[in-house]
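# What shape does this take:
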Amino acid sequence: MESREYMKYALSYEPIAPGLVVCTSMLHRFGTDAVLLTQFCGYRRREHVCDLGTGCGIVPMLMQRSDPPKIIYGVDIQPEAIDQFRRGIERSTSIGSELVPICADLKKLWDGAPLGKLDLVTCNPPYKAYQAGIESQLTAQKIARHEILCNIGDVCTAAKRLLRFGGRLCVCNRPERLADTMDAMRTNSIEPKRLQFVAKAPDAAPWLFLLEGRAGGKPFLNVLPLRIVADGNAIHTDHTM
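Take a look at the predicted model:
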């Protein structure tokens, strides 16, 4: 059932490619960070993928633009977000994956979850630690931006349960959370393997990092060149690196 908060906000349908539409609202929309995460994660055909905290389903939908994976689970605890994901799927005509919207708590996962079978888990997690900074007034935005219902440790624990040996976890976050993210990965036997910072100019401090860890991987971190996103919009760039 739609909440009163959700019903107050109009839905819109944003085209991201021919035949691909994402349903957005003031509560569940997407930004450049989700686009960059999709481009960074290196998804492949035939892979089994899960996007945790999928929101409006932007990451699974962006993966449809080129060589989509075989199956993508899109998981979110908020039913309104999953409703928007489903609406986007229904409006799209160029979907090449089996897309599976799931309303579930990532701390518990769901009945029939493909434990130990996935090749890739992605997550654009809440960036701010609980009660850190100025919280958004909208409940949905609080959940998306602050570690109220889950934290980076919960994300990594869920990924550990879902990934096969050698499977990848790719996340994005603010630079001040890098140490927390690496620690959470290693606590769950996911070794940080690939790191890239994103800035608005070569001489500007990074505003985002992208990090890939491998389940059961050996220690070795490859730091990629700084990525510049000058206009704050990466949606029209190619997904390859």
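# Quick check: residue 123 touching residue 49?
No - between residue 123 and residue 49 there is no contact, the gap being 11.4 Å when judged by CB atoms under 8 Å. In short, each C-beta sits where N, CA and C put it, glycine included.
# Next, the contact list for residue 34, please.
55, 58-59, 62, 124, 172 (CB atoms under 8 Å, 6 or more residues apart in numbering).
# In the chain, where is pLDDT below threshold?
Residue ranges of the chain with pLDDT under 70: 1-9, 127-149, 231-241.
# returning to what we had before: for the contacts of residue 34, which single residue is the most surrounded?
Counting by other CB atoms under 10 Å, residue 58 has the largest number of neighbours within the contacts of residue 34, with 29 neighbours.
# Excluding covalently adjacent residues, which one is nearest to it?
Spatial nearest neighbour of residue 58, chain neighbours left out: residue 30 (3.8 Å); criterion: CB to CB, 6 or more residues apart in numbering.
# Now do the same contact list for the one you found.
With contact taken as CB under 8 Å, 6+ apart, residue 30 is in contact with 22, 24, 55-56, 58.
# and it, which of the three is it?
Put simply, residue 30 is coil when judged by DSSP: H, G, I helix; E, B strand; the rest coil.
# can I get the CA coordinates of stretch 47-60 in CSV?
This file holds the C-alpha atoms of stretch 47-60, laid out as CSV (Å, rounded to 0.1, in the frame of the first residue of the first chain):
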residue,chain,number,x,y,z
GLU,A,47,26.6,-12.6,-14.7
HIS,A,48,24.1,-12.9,-11.8
VAL,A,49,23.9,-9.5,-10.1
CYS,A,50,22.2,-7.9,-7.1
ASP,A,51,21.9,-4.2,-6.5
LEU,A,52,21.3,-3.5,-2.7
GLY,A,53,19.3,-0.4,-1.8
THR,A,54,18.2,-0.1,-5.4
GLY,A,55,15.8,2.8,-4.9
CYS,A,56,14.1,3.5,-8.2
GLY,A,57,16.2,0.8,-9.9
ILE,A,58,18.6,3.1,-11.7
VAL,A,59,21.6,0.8,-11.5
PRO,A,60,19.8,-2.3,-12.9
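# Tell me how far that stretch lies from the chain's centre.
How far stretch 47-60 lies from its chain's middle: 6 Å, per CA atoms, centre = their mean, to the nearest Å.
# Repeat that for stretch 219-228.
With CA atoms, centre = their mean as the basis, stretch 219-228 stands 19 Å off its chain's centre.
# Helices of the protein, start to end?
For the chain, applying DSSP state H gives helices covering 4-7, 32-40, 58-62, 79-91, 139-145, 152-162, 178-187.
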